[in-house]
Every structure is written in C-alpha cells, then in structure tokens.
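[1] Need the 3D shape of this:
(2 chains)
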Amino acid sequence: MTRFLINRLFQMAGVFLLISLVMFLLLVMTGDPIELLLPPAAGIDQIEAMRRQLGLDQPWYVQYMQFLRSAAHGDLGTSFYFHEPAIRLVLQRLPASLELVIWTMVLSTVIAIPLGVAAAARPNSWLDRGVLIGSLVGISAPTFWIGIVLIAVFVVFLNVLPSSGRGGWEHLVLPVTTLAFYRVALFVRLIRAGMLDVLGQDYIRTARAKGLLERMIIYRHALRNTMIPFVTIGGIQMGGLIAFAVVTEKIYAWPGMGRLLLISIERLDYPVVVAYAIVTAALFVVINLTVDVLYALIDPRIRYE
Amino acid sequence: MSRAISESQASAAPVIPRPARRGTWLWRSFSGSPIAVAGALLLGSMIALAALAPVLAPWNPQAQDLSQRLISPTWVHGPYPLGTDAVGRDLLSNILYGLQVSLLVGVFAIVISTVLGVAAGVTAGYYRGRLDALLMRAADMQLSLPFLLIALAAAAIWGRGVYKIIVVLGIIGWAEFARTVRGSTLAVREKEFVEAARALGAVDRRVMLRHILPNVLTPVIVLISVAMPRVIVAEATLSFLGVGVPLTTPSLGLMIDGGYKYLFSGAWWPSIMPGLAMMLLVVGINLVGDWLRDALDPRLYQRR
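    Residues are numbered from 1 along each chain as shown, chains lettered A, B, ... in the order given. Okay, here's the model as predicted:
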C-alpha cells in the first residue's frame, strides 16, 4: 500500500510538472500583457522597462526555469493586474470554491444513494420509472442552464433566495443545487445499475435463503459492492466539479477561484491562470490519492501489491 | 495476388457474417423498445429542424431590430413565435441555427476524437511495448484531469472560433477512445484469424485495418453515444463562459449568456428557450445511446 502510494505520488508529480510546462508554454506563446497593462500612448522605453521588470525579455526556457525555481519556493509570480502574489490570490478564493464542491458532493450522495437503492429494489415500479426519467433530464441539461432556470424560479418569480454572493446557507442553496443536479442524476443511475447487477447474484440469494431482513441484505450485502464503481466515478466527478464550479461561480457571482480564473483569462493575467492550474492540479493529486485509499477501505480484496 | 485472395478468405469467416446477424437483431431490439423509438424520433426531429433551418427560420438570425426587443413568446401566432432577445433578434430563428452549430461541432469533434483515438488504441494494442506505455501514460494523465477544464484552458489560450472549438474538443476526446480500443485490440490480436492473417504474410498495417479494426468498433459506437452529448454541452458551456465560438455565431451557449442578464427584468425566454432546445437534443441522443449501450453490452449479449 505504502509503495503503491509513493508510486502514485511520483506519477502525480509528473502530471504536475507537465501541467505547469504546458500552461507556461501556451501562455508564453499567446498574447502580450504589456499592451493591456500600459496605456496605448506609452513610449518604447516605458514598454521595455515594463518588459524587463516582468522578466518577459528572457527566452521562454529561462522564464520557465525561473518560474519552476520560484514555484518550488511557493512563489508563482505576481499578478499583472492585482500586483499581488498570484498564489495568494488563488488560495484566498480556494475555500469559497471548496465550499461549493464539498456541499455538492454531500448533497448529491445523500440524495442519490437512497433513491438509487429504492429504485433498484423495485424495478419498473412508478418510483423506478420516475427516477429514470428524472435522471435522464438531469444528465441532459447543461449545468449553466439549470442555474439560470433556478434563478428564474426562486429569485425572480418566487423571490425567496438570494441570487449572488457568498454569505449564509441561503447563498449556498442555489449554487449547490445547480451543481448537484447532474451529479444526483449520474449517481442515481450508477447506484441503480450497480444494485440491479449485485441483487441478481448468488450470495444475495443465499442471504435471502438465510431469512435475513431485506433491509439488511440491501444495505449490508448489496450496497457495499455497489460502492466501488461509485467511489471511482465520485472521484472523477469531484475533479469535474472544480471545473463546473467555474460555470456556477460566474452565474451566481460566487467569489471563488473559478471567477478569478475567468477574469484573469480575460485580462491575460498569466501568473494567476498558471497559479490556478497548479492549485487545481494539486487538488487532483489529493482527490486521486483519496480515491485510491478509499478503494482499499471499501474492498478488502484490493491490496495494491 | 493469389496470396491476397486466400488471406481475405481466411479472415472472411470470422469477420463478415457476425455484423449481418447482429444487424437484424439490433433492429428487432430497437423497434421493440418504445424508449429507443421515442429517442430516435426526438433526435431525428431535432436534426431535421437544424438541417432545415434556412427554410424554417422566419427571420435572418442576425437581424437586429431594437424597436422589437424582448418581445415575449406568442407561441403560434405573431411574427416572433418564441419572442425576441435584447437586441430584437428572433429567438426561434437563432435556436434553429444554434442547433445546427451544436450538431456540427458535436459531429466533427467526435470524428476527430474517434479517428485519433482508434488509431492510437489499435497501434498501442497491436505493437505493445514502449509505444503502448507512452500512449497509455499520456491518456491516463489526460484522463486524470476533467474534460471541461482542459477544454477551458485550451480554448481560453487559443481564442474564439468554431473550427478551433471543434479541434480542441476533438483532440481532448482521443484518450477515452484510445484506452477502450486498446483494451479490445489486446484481446482481438490473440485470436486465431489474426494469427492466420499474419501467417499468410499480411503486413502489420493490413492486419490492423482489415482484421483488428472491424472487431473493435462495437465499444466505439457506445463511446460515441456517450461522448457526443458531452461535446455538445461543452461547446455551449465554453461559449457561455466567453471562450467558445465567436460572438456572431448563432450558438445556444452564447444565446443563454446574452439572455440571462435580462432574467431580473422578467424576460426569461432569451435564456430559458435556447437551453430547452439544447436539452431536447441531448435527451434524444441520450435515449438512443442508452438503448445502444444495453443492446451492444457484451455481457447482456451473452445472455441472449
């Protein structure tokens, strides 16, 4: 297990480095922030001074080595726009984004598991059909559009919830529901399909023959084996949520790092975009390793030798 | 010459009859499933609406008329059945052309993903070794990052453009196809008919194209049905975020972005309507895809 985790860590470090290089190269190849930072009337020497000051007069590989060296010291450059350390700007907004991601995962799981189990326990019942139709709509509707429909209903017409900003729980309701919509639909399908698969197997028949309570069979014997694919997809979805949080943060003016990313892309503020990529990559490392560990906890057959 | 003939005969036995048989029961399973038929009808009518946009659209989608801005939907009668947007453009016409763009992006991006992924997957699975390790490591790395985030980064850096979005979404999609096809190739390359073809002197390229490729396509069809909705929604999402297609393109994502600011003045239609159209399109694809997945699932297949 430990060796496996160390291996994974090295692999993730590779992903990490690659992301930083790709981000760096792509950003260097496109757009010149000088034009945006200085007034159009700025003189040639003013431009040159700015360029030297930002280190943009060096060849790209020198810039990249410099970037890596300072990155190792936790310094990912200074935002061209905010004149603050890029990493600090991103990290300041990280909690707001994580708040969305974590609550969405909690909400989706809490809704999806009982629904999926109940649907699988009575296939073709009205509940099962309702769940299937609902989940089809859920996986088909674009996340950003769900957000807009929710604003139209709960903010504009019913006027019961705030539409923007971060504050108490009432600010969380709409963004989290928006993000959870797709996840619930996906998880329900996954749990239902997994349960149907497992419930048809011999050991479940044995458990029934022993006269165990149906509830016991479903939650203790069947659900446990359904959780393995669920954890994988859940891990992938959590990564995806970080991406979709960008969309939600735009709609609900949520002060997270996704909104910072969109603003920084618009302003060609490279250091912030790169810092965002690095922080996000680090999050993926953590999520992927957590999923690996969870596997071993759920399924004792997996031992990573 | 004679060698080529005998070689194709050797391979003909296992390859050709199966798709024919599969075709007929596939049709029977399709016509026996009301959900699949409903999905195909829905998808078919969305495609028809998109294709017939130049005929059906009552207005030029770009024509602005500020005196006719934010007119609410009149549904059947009136010049603007689904209403107008903030600059007085007809929503119905824009939605029809928007569906066209969604489908174009979806189809072409998937073609790129499929070609790249299948080529990489068959090559990796056939040759194994270092090339395989390299390609699969690259695919794993890419798949450890969310699709939308890579697309967002690439599109943001490269700039707006319909063909740029197609290329970006197409290239990112390769990994999933490559991994699946590699898996099937590993199984198929050990089969006797592949060995027979090689023993008869077929070159690697011929073995891959004529003998392995036709036998690894079933999961590819299923993957296409999963990847297509994702690509279509991704285009809309990127356009919504401001890094997708150019502002002059009739795109459902752009329409929603342009329309949602007017929600608070009570104009819900400029943002809700285009999303509804997109959802119907995606529901159609998903319904057909669900049925395809069940019908082609090798595990269900054996139970028959």
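[2] what mean pLDDT does the helix or strand in which B:M273 is found have?
    Element membership for B:M273 (DSSP states H and E) is helix B:269-296. Averaged across helix B:269-296, pLDDT comes to 88.
[3] Quickly check: it near chain A or not.
    Yes - judged by C-beta under 8 Å from any C-beta of the partner chain, helix B:269-296 and chain A are in contact via B:S271, B:I272, B:G275, B:M278, B:M279, B:V282, B:V283, B:N286, B:L287, B:D290. C-beta coordinates here come from the backbone N, C-alpha and C atoms, glycine included.
[4] tally of neighbours for the second one?
    Burial of B:I272, expressed as a neighbour count using other C-beta atoms under 10 Å in any protein chain shown, amounts to 18.
[5] returning to what we had before: tell me the helices and strands packed up against the helix holding B:M273.
    Here helix B:269-296 touches helix A:126-140, helix A:143-150, helix B:17-31, helix B:34-51, helix B:91-127, helix B:217-241, helix B:252-259, going by 3 or more C-beta pairs under 8 Å, 6 or more residues apart in numbering or on different chains; DSSP states H and E.
[6] quick one: pLDDT of the nearest residue in space to A:V131 that is not next to it in sequence?
    Excluding the flanking residues, the one nearest A:V131 by C-beta to C-beta, 6 or more residues apart in numbering or on different chains is A:A119, at 4.2 Å. pLDDT for A:A119: 91.
[7] go on, A:A96?
    92.
[8] Can you verify my assumption that it contacts A:R166?
    Yes - under the criterion of C-beta atoms under 8 Å, A:A96 makes contact with A:R166 at 5.7 Å.
[9] tell me, what's touching those two both at once?
    A:W254, A:P255 (C-beta atoms under 8 Å, 6 or more residues apart in numbering or on different chains).
[10] For the residue of chain A found nearest chain B, grab the count of nearby residues.
    With C-beta to the nearest C-beta, the shortest gap between chain A and chain B falls at A:W145, namely 3.4 Å. By other C-beta under 10 Å, 28 other residues sit near A:W145.
[11] Spell out which residues of the stretch 151-300 of chain A are next to chain B.
    Residues of the stretch 151-300 of chain A lying near chain B (C-beta under 8 Å from any C-beta): A:151-152, A:155-156, A:163, A:236, A:239-240, A:242-244, A:246-247, A:250-251, A:262, A:265-266, A:273, A:277, A:280-281, A:284, A:288.
[12] which ones among these are found in helices?
    The helices, defined by DSSP state H, take in A:236, A:239-240, A:242-244, A:246-247, A:250-251, A:262, A:265-266, A:273, A:277, A:280-281, A:284, A:288 from those.
[13] I would like a PyMOL command selecting only the buried ones among those, please.
    Restricted to buried positions by 16 or more other C-beta atoms under 10 Å in any protein chain shown, the PyMOL selection for those reads:
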select buried, chain A and resi 236+239+240+242+243+244+246+247+250+251+262+265+273+277+280+281+284+288
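[14] Leaving out sequence neighbours, find the closest residue to A:R183.
    Per C-beta to C-beta, 6+ apart, closest to A:R183 is A:S108, 3.7 Å.
[15] Could I get the contacting residues of the one you found?
    Going by C-beta under 8 Å, 6+ apart, A:S108 touches A:A180, A:R183, A:V184, A:F187.
[16] again with A:L289
    Going by C-beta under 8 Å, 6+ apart, the list of residues near A:L289 reads A:L5, A:R8, A:L9, A:M12.
[17] Narrow the residues you listed to those in helices?
    A:L5, A:R8, A:L9, A:M12.
[18] out of those residues, which touch chain B?
    Within those, those near chain B by C-beta under 8 Å from any C-beta are A:M12.
[19] if we can go back for a sec, check the contacts of A:L289 for burial and list the buried ones.
    A:R8, A:M12.
[20] ok so, going back, report pLDDT for the residue nearest to A:R183.
    Reported pLDDT for A:S108: 93.
[21] so which helix or strand takes in it?
    helix A:86-121.
[22] tell me, what residue is most central in the chain?
    Defaulting to chain A. For chain A, the residue nearest the mean C-alpha position is A:I242 (2.3 Å; C-alpha atoms, centre = their mean).
[23] actually it's chain B I care about, not the one you picked
    Taking C-alpha atoms, centre = their mean, chain B has its central residue at B:M228, 2.5 Å away.
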